[in-house]
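1. what follows is a predicted protein model with its sequence.
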Protein chains: 2
Amino acid sequence: MAGKKVLIVYAHQEPKSFNGSLLKIAVEELTKQGCSVTVSDLYAMQFEPRATRNDIVGHLHNSEAFNYAVETWEAFKRGGLSKDLVEEQKKVQEADLLIFQFPLFWFNMPAILKGWMDRVLVRGFAYDSSKVYDSGLLQNKLSLFSFTTGGSKEKYAIRGDIRYLLWPMQHGIMHFCGVKVLEPHICYAPENVSEDKRKEMLTAWTQRLKTLWKEEPIDCSPEWYFK
Amino acid sequence: MAGKKVLIVYAHQEPKSFNGSLLKIAVEELTKQGCSVTVSDLYAMQFEPRATRNDIVGHLHNSEAFNYAVETWEAFKRGGLSKDLVEEQKKVQEADLLIFQFPLFWFNMPAILKGWMDRVLVRGFAYDSSKVYDSGLLQNKLSLFSFTTGGSKEKYAIRGDIRYLLWPMQHGIMHFCGVKVLEPHICYAPENVSEDKRKEMLTAWTQRLKTLWKEEPIDCSPEWYFK
């Protein structure tokens, strides 16, 4: 939708990958709609996933025993977070929609993307003591997890619903911060299907993006995941 | 149990933390039992969580388009994985029990530990095409997720069972590789309880470790998580 700001947090090493194609489509389609699109290309940025003392500029609140959650909270309040984090927080702050584009690694997001969550969404910025879930600090934003899998849809179904593994990401992170969640976009096993099927999946993503702004967020209750 | 080999993969920045105390207890108690204990102290090792081309020594199988899963699989087969991965794999191979000790970050393990899973448990080593779940390549091993939380037990209960968030870790990783899973060990909100309560939690961990080898693994079916 014209005027909307979108941040795509992208975690794949290879631009020629299927994830790379999905990213390219999203940038093109959303730009065509008049959105302003920003991409955080985590591998290209060599984004640091480790939560360490380096994230705090200057003195520590308690230098006797390092507590990451406390130190980043204190640093956020006094404007003492490292530059890379401040930049990512600015992008999040400005965005109306966050799209996470990644290959599923071990029923989960790759470590580099998990590190983005761990380091960017600090207390004071994304949530606070009583500012969680519907009162989270990142309200009036949407999020969408768009990912590829190695296994087929049938293989995931044997081991229970794929929604099970969305709980920590969608509910535990986005919903916790007050961000609304759109239906995930899942491309199953793009490496193991025909070229025609791959093209079909890319077209489906383009089509979905065309009507994305009309979608209703999902109900983020346990029932959606485990009904 | 005397003679058993234990690998503790530890993800906390601060030795004086509660996680640090839990680690210390595990090393002392298991050593006292006659176990051989190895610790991978991920932050101290500055363990790399990012899955990149650097994990492959020498030529790539396909240098036109980088595919991490394929490249690490091929590299594993020809002995071409990077030294840090080979060392971690050796520790896993030798271990009878894997203990993961960490603070819960966003309903999940910290990125540095997720990176250990992403990079160490490659195809050919931990699983293969039809060698998954009960046929996974890391059979005859036990695992135990031991973690601390920020929120209280009651707060987690409001948002559904804490077992929900164990699904990707226990089922999606360990069970997938054929590793049996013991009951998780959860210390709720050690930072927000009294000193007495903290001591009680440390004692409970020592006590559990004393009878650990007599425990039956959990049934890793969806029912255990979502009943």
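-> Arrived safely. Please read all numbers here as calculations on a predicted model, not as lab measurements.
2. report whether stretch A:165-174 contacts chain B.
-> Yes: counting by C-beta under 8 Å from any C-beta of the partner chain, chain B is contacted by stretch A:165-174 at A:L165, A:W167, A:P168, A:M169, A:H171, A:G172, A:I173. In this view, the C-beta of every residue, glycine as well, is placed from N, C-alpha and C.
3. that stretch - what's its average pLDDT?
-> Averaging pLDDT along stretch A:165-174 gives 96.
4. same question for stretch A:87-103.
-> Averaging pLDDT along stretch A:87-103 yields 98.
5. same thing with stretch A:58-76?
-> Mean predicted lDDT for stretch A:58-76 stands at 97.
6. center of chain A - which residue?
-> Compute the mean C-alpha point of chain A, and by C-alpha atoms, centre = their mean the closest residue is A:F100, 3.6 Å away.
7. partners of that one in the sheet?
-> Here A:F100 shows beta-bridge partners A:V9, A:F145, assigned using DSSP bridges.
8. now do the one 5 residues further on
-> Here A:F105 sits in beta bridges with A:N108, as judged by DSSP bridges.
9. so it sits against B:D118, correct?
-> Yes: under the criterion of C-beta atoms under 8 Å, A:F105 makes contact with B:D118 at 5.0 Å.
10. common neighbours of these two, please.
-> Contact criterion C-beta atoms under 8 Å, 6 or more residues apart in numbering or on different chains; residues bridging A:F105 and B:D118 by contacting each: A:A111, B:A51.
11. need the helices for chain A, in chain order.
-> Secondary structure of chain A by DSSP state H: the helices cover A:18-32, A:68-77, A:83-94, A:111-120, A:153-158, A:166, A:195-210, A:222-226.
12. check whether the fourth one contacts chain B.
-> Yep, that's helix A:111-120 we're talking about. Yes: for helix A:111-120 and chain B, the contact criterion (C-beta under 8 Å from any C-beta) is met by A:A111, A:I112, A:K114, A:G115, A:M117, A:D118, A:R119.
13. same check on the first one?
-> No: Helix A:18-32 lies apart from chain B when judged by C-beta under 8 Å from any C-beta; the minimum separation is 8.9 Å.
14. who are the packing partners of that helix?
-> With contacts defined as 3 or more C-beta pairs under 8 Å, 6 or more residues apart in numbering or on different chains; DSSP states H and E, helix A:18-32 has these neighbours: strand A:5-10, strand A:36-41, strand A:97-103, strand A:142-148, helix A:195-210.
15. repeat the analysis, applying 6 Å as the threshold.
-> For helix A:18-32, the contact count by 3 or more C-beta pairs under 6 Å, 6 or more residues apart in numbering or on different chains; DSSP states H and E identifies strand A:5-10, strand A:36-41, strand A:97-103, helix A:195-210 as packing neighbours.
16. and if you look at the fourth one?
-> Packing partners of helix A:111-120 (3+ C-beta pairs under 6 Å, 6+ apart): helix A:83-94, helix B:111-120.
17. what's the first one packed up against?
-> Helices and strands touching helix A:83-94, as assessed by 3+ C-beta pairs under 6 Å, 6+ apart, comprise helix A:111-120.
18. let me know the average pLDDT across the helix it packs on.
-> 98.
19. related to what we said a few turns ago, can you redo the helices of chain A as CSV with mean neighbour count?
-> CSV is the format used below for the helices of chain A (neighbours: other C-beta atoms under 10 Å in any protein chain shown):
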stretch, mean neighbour count
helix A:18-32, 18
helix A:68-77, 19
helix A:83-94, 16
helix A:111-120, 26
helix A:153-158, 12
helix A:166, 23
helix A:195-210, 14
helix A:222-226, 16
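20. reformat those as a markdown table; add distance to B:K77.
-> Formatted as a markdown table, those follow (distance: least, C-beta to C-beta, whole Å):
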| stretch | distance to B:K77 |
| --- | --- |
| helix A:18-32 | 24 |
| helix A:68-77 | 38 |
| helix A:83-94 | 37 |
| helix A:111-120 | 23 |
| helix A:153-158 | 23 |
| helix A:166 | 33 |
| helix A:195-210 | 27 |
| helix A:222-226 | 38 |
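21. so which of those helices comes closest to B:D96?
-> Judged by C-beta to C-beta, the one of the helices of chain A that comes nearest to B:D96 is helix A:111-120, at 26.1 Å.
22. the closest one vs strand A:36-41, what angle?
-> Our comparison of helix A:111-120 with strand A:36-41, counting by axes from the mean of the first three to the mean of the last three C-alpha atoms, to 10 degrees, yields an angle of 110 degrees.
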